[in-house]
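Student: Here's my sequence, what's the structure:
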Amino acid sequence: SRDRFYKLLEEIPKTEEAIGRARADKKAAPKDSSERKNIRSRMKNLKAKLAAMMAEKEGLRKSLGIAEPNGSSSSSDDDDDGDEQ
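Tutor: Purely as a prediction, here's the structure:
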């Protein structure tokens, strides 16, 4: 599952890029067009996929004991001394 963790690290930025491209496509598409509706549902799917990957990455990171890179963790107090909750 360490392999899966690193695979997710590669996939997440690609998915974020795809969301960005979809956003640009949506702006370029004519308002109220079916093309725009398709792009919107594609974005919704990509965002759901991204959220799932982020959650899975976080779960794997914790179970593998991998430190959060460059302190981007929302909780700076990550020393597991039971003072959270």
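
Student: got a list of what residue 30 touches?
Tutor: Shown in contact with residue 30 (Cβ atoms under 8 Å, 6 or more residues apart in numbering): residue 36. Backbone N, C-alpha and C define where each C-beta goes, glycine included.

Student: Recalculate using a threshold of 6 Å.
Tutor: By Cβ atoms under 6 Å, 6 or more residues apart in numbering, no residues touch residue 30.

Student: which stretch of helix or strand covers it?
Tutor: For residue 30, there is no host helix or strand (DSSP states H and E).

Student: Quick one: classify residue 20 as helix, strand or coil.
Tutor: Assigned by DSSP: H, G, I helix; E, B strand; the rest coil, the conformation of residue 20 is helix.

Student: Pull up the gap between it and residue 27, please.
Tutor: Using Cβ to Cβ, to the nearest Å, one gets 11 Å for the distance from residue 20 to residue 27.

Student: Tell me which of those two has more neighbours.
Tutor: Under the criterion of other Cβ atoms under 10 Å, the comparison of residue 20 against residue 27 puts residue 20 first, with 12 against 9.

Student: pLDDT at that one, what is it?
Tutor: Predicted confidence (pLDDT) for residue 20: 96.

Student: mean confidence score for the helix of greatest length in the chain?
Tutor: As assigned by DSSP state H, the longest helix anywhere in the chain is helix 34-64. If you average the pLDDT over helix 34-64, you get 96.

Student: Just want the most central residue of the protein.
Tutor: Central residue of the chain (Cα atoms, centre = their mean): residue 50, 3.4 Å from the mean position.

Student: So residue 2 versus residue 61, what's the distance?
Tutor: 10 Å.

Student: Looking at those two, which one has more neighbours?
Tutor: Set residue 2 next to residue 61 and count neighbours by other Cβ under 10 Å: residue 61 wins out with 17 against 10.
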